[in-house]
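>>> below is the structure, and that's it, no one-letter string:
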């Protein structure tokens, strides 16, 4: 296990956009021209133009957490290997059980220049006591390494993330959490355990809570694949007919998300939201105008976390 | 033409811009890179075409390096049939045993699962027809041969895959599979896939350097007929990009290289269609053994 201490998260130079404001009252024609300009601009670049806000940028005086890297060879997913990273906030106290949040496709959630920048968001929100002291586990999907250099590894991402059932939940509960638990004291309280993912990682997060609400009760899904990749399109129907489970879930999707052989993502997420509403779940659904990416989900990650952890700062 | 006042011209422009925006949104349907819809596989206007007929029950689809197609009549046991690149059908080794699975090995021999008079793994030198027995007292259904010369075959009744090493040692390779039937190799021969007949999974294994199988997983899920637990997963083939094509009760189920069911190709006829292989010029045709007949159809993808 190697330890990366993040040396510096340099503050992005804020672009102080100076605008010349015309204080004169615009003429009728001028108003139309301005309207046209704004509309053309919004048509040309308005869609999916989400950007990280201040909570997703390093702030002065906010202490930074520490990230450690490890690899894992699984037995539950036989012969697979993967990288994962564990984030501990500076407020973590050894021996005092911390909340836990697991991120699928962990590397992209951890990237401090990416869409999500989760370590920075955690630093800021934990510092402001808007979420609890939380250990984040950023975990990548597994692969079965090739036996020879001229052969390809077998990607296990779709199998792990898109499959229904308890195999991935077992993997977290029986392999990963005990291992991370050797390093940090983790809570056993399901109310303090959350899980998050994007695309197939999003439905995976939901599946973990659906299978084991006694272990994970909080979910965030970004452009979640509640489509028929491996049968996940049945969830809205199951949610409506199954006795409500103790799950709080934040869903995000965009109207420009995928429409392909597996299904229509915006429709599937709306089906999920409608089913959650019907069944009386504690849920929130943010439908933006973005595509199959993390821009919108990243921009609202601080708000989603505040909502998810609202009574447990 | 009279020039309209500016604000009216602006309104007209706005209206046309909104129209463009609406059409852009409508056209935003997309395939995530790597998603393998049937539209990427099937040629528009191409359907199954009859190749050969008049058999009892065809099986053991395979191709040689030149693209000639081979099959057997597993019920009649009337030899090894060959379809050349011009579509001519001929029979090699007319006195061959009843064969249920065949593949060419790296040595150019045709390896096969014999059903009767004895259940054996055998290899033929073609066209002479000289036959060598490689394994006796086995219950083989279908087989593959890797470029390193390992022969893997399904023993359906035993629920296992058995391997014959290049040294001729016969040993267990994998077990715990529900009626293993069809068997296939990834293009790099690093992954072995096995279909379940009475179950609904296609297992994937890594082929280790010593020929052992590891990392077994129910990697692909076959669609089953409504209300049925059995997929009738049977013979399979793999294209040059690593897609798996698995025959089943519902049709030939196509999976991308990451194991996602990506399409079900209709059977040539509503009869048992139990093996398939890419063959023909440029390996551009998917051949299918369908009960009494053999069919083929041209695809956008290539077998090799």
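Yep, it's here. This is a predicted model, so every value here is computed, not measured.

>>> and the residue lying closest to residue A:184 once chain neighbours are set aside, which of the three is it?
In space, and not counting its chain neighbours, residue A:184 is closest to residue A:135: 5.1 Å by Cβ to Cβ, 6 or more residues apart in numbering or on different chains. In short, each C-beta sits where N, CA and C put it, glycine included. Following DSSP: H, G, I helix; E, B strand; the rest coil, we place residue A:135 in the strand state.

>>> how about residue A:75?
Under three-state DSSP, residue A:75 comes out as coil.

>>> quick one: it and residue B:157, what's the gap?
Using Cβ to Cβ, to the nearest Å, one gets 29 Å for the distance from residue A:75 to residue B:157.

>>> isn't there a helix covering residue A:152?
No - counting by three-state DSSP, residue A:152 falls outside a helix, being coil.

>>> ok, it - contacts?
Counting by Cβ atoms under 8 Å, 6 or more residues apart in numbering or on different chains, residue A:152 touches A:146, B:186, B:188, B:190, B:242.

>>> which of those residues has the most neighbours?
Among the contacts of residue A:152, the one with the most neighbours (other Cβ atoms under 10 Å in any protein chain shown) is residue B:190, at 22 neighbours.

>>> tell me the phi and psi of the residue nearest to it when sequence neighbours are not counted?
In space, and not counting its chain neighbours, residue B:190 is closest to residue A:151: 3.1 Å by Cβ to Cβ, 6+ apart. Residue A:151 adopts backbone torsions of phi -120, psi 160, taken as degrees, to the nearest 10.

>>> pretty sure residue A:151 is touching residue B:188, no?
Yes - taking contacts as Cβ atoms under 8 Å, residue A:151 lies within contact range of residue B:188: 4.4 Å.

>>> closest approach to chain A from the stretch 201-304 of chain B, which residue is it?
Among all residues of the stretch 201-304 of chain B, residue B:215 sits closest to chain A, at 3.2 Å; criterion: Cβ to the nearest Cβ.

>>> how about the most centrally placed residue in chain B, secondary structure?
Centroid check for chain B by Cα atoms, centre = their mean gives residue B:237 as the closest residue, at 2.1 Å. With three-state DSSP as the basis, residue B:237 sits in strand.

>>> and it, what does it touch?
B:61, B:184, B:244, B:245, B:276, B:277, B:278, B:286, B:303.

>>> from those residues, which land in strands?
B:61, B:184, B:244, B:245, B:276, B:277, B:278, B:286 (DSSP state E).

>>> list the contacts for the fourth one?
The reference is to residue B:245. B:236, B:237, B:238, B:239, B:252, B:253, B:254, B:265, B:276, B:286.

>>> tell me what the first one is bridged to.
The partner list for residue B:236 in beta bridges (DSSP bridges) reads residue B:246.

>>> tell me how many other residues surround it.
29.

>>> so what's it up against?
Taking Cβ under 8 Å, 6+ apart, one finds B:182, B:183, B:184, B:193, B:195, B:202, B:244, B:245, B:246, B:247, B:275, B:276 in contact with residue B:236.

>>> mind listing what the second one touches?
Spelled out, it's residue B:183. Here residue B:183 is in contact with B:101, B:142-144, B:152-154, B:161, B:192-195, B:236 (Cβ under 8 Å, 6+ apart).

>>> buried among those? Make that a ChimeraX selection.
In ChimeraX syntax, the buried subset of the contacts of residue B:183 is picked out as below (16 or more other Cβ atoms under 10 Å in any protein chain shown):
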select /B:101,142,143,144,152,153,154,161,192,193,194,195,236
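
>>> now the contacts of residue B:183 in TSV, with secondary structure, distance to residue A:162 and pLDDT?
As requested, those are exported to TSV (DSSP: H, G, I helix; E, B strand; the rest coil; distance: Cβ to Cβ, whole Å; pLDDT from 0 to 100):
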residue	secondary structure	distance to residue A:162	pLDDT
B:101	strand	31	97
B:142	coil	28	98
B:143	strand	31	98
B:144	strand	27	98
B:152	strand	28	98
B:153	strand	31	98
B:154	strand	27	98
B:161	strand	26	98
B:192	strand	22	98
B:193	strand	18	98
B:194	strand	21	98
B:195	strand	20	98
B:236	strand	21	98
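
>>> turn the contacts of residue B:183 into CSV, columns for distance to residue A:275.
Shown next, in CSV, are the contacts of residue B:183 (distance: Cβ to Cβ, whole Å):
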residue, distance to residue A:275
B:101, 46
B:142, 43
B:143, 47
B:144, 44
B:152, 45
B:153, 47
B:154, 41
B:161, 42
B:192, 40
B:193, 35
B:194, 37
B:195, 34
B:236, 36
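
>>> out of the contacts of residue B:183, who's nearest residue A:62?
Relative to residue A:62, the closest of those is residue B:193; by Cβ to Cβ it sits at 50.8 Å.

>>> distance of the nearest residue to the closest one once chain neighbours are set aside relative to chain A?
Spatially, and ignoring its direct neighbours in sequence, residue B:193 is nearest to residue B:184 (4.6 Å; Cβ to Cβ, 6+ apart). Per Cβ to the nearest Cβ, to the nearest Å, residue B:184 is found 14 Å from chain A.

>>> which residues touch residue B:184?
By Cβ under 8 Å, 6+ apart, the neighbours of residue B:184 are B:144, B:192, B:193, B:236, B:237, B:238, B:244, B:246.

>>> now do the same contact list for residue 208.
You didn't pick a chain, so chain A it is. Applying Cβ under 8 Å, 6+ apart, the residues near residue A:208 are A:102, A:168, A:169, A:172, A:195, A:215, A:216, A:219.

>>> not quite, go with chain B.
Residue B:208 neighbours (Cβ under 8 Å, 6+ apart): A:147, B:214.

>>> quick check: phi and psi on the residue in the stretch 51-200 of chain B positioned nearest to chain A?
When scored by Cβ to the nearest Cβ, the stretch 51-200 of chain B has residue B:190 as its residue closest to chain A, at 3.1 Å. Backbone geometry at residue B:190, expressed as degrees, to the nearest 10, gives phi -100, psi -20.

>>> list the contacts for it?
So residue B:190 contacts A:146, A:147, A:148, A:151, A:152, A:154, B:206, B:207 (Cβ under 8 Å, 6+ apart).

>>> give me that answer again for 6 Å
If you count contacts by Cβ atoms under 6 Å, 6 or more residues apart in numbering or on different chains, residue B:190 has them with A:146, A:151, B:207.

>>> one step back: of all the contacts of residue A:208, which comes closest to residue B:117?
Nearest member of the contacts of residue A:208 to residue B:117, counting by Cβ to Cβ, is residue A:168, at 49.3 Å.

>>> please consider this matter closed, and thank you.
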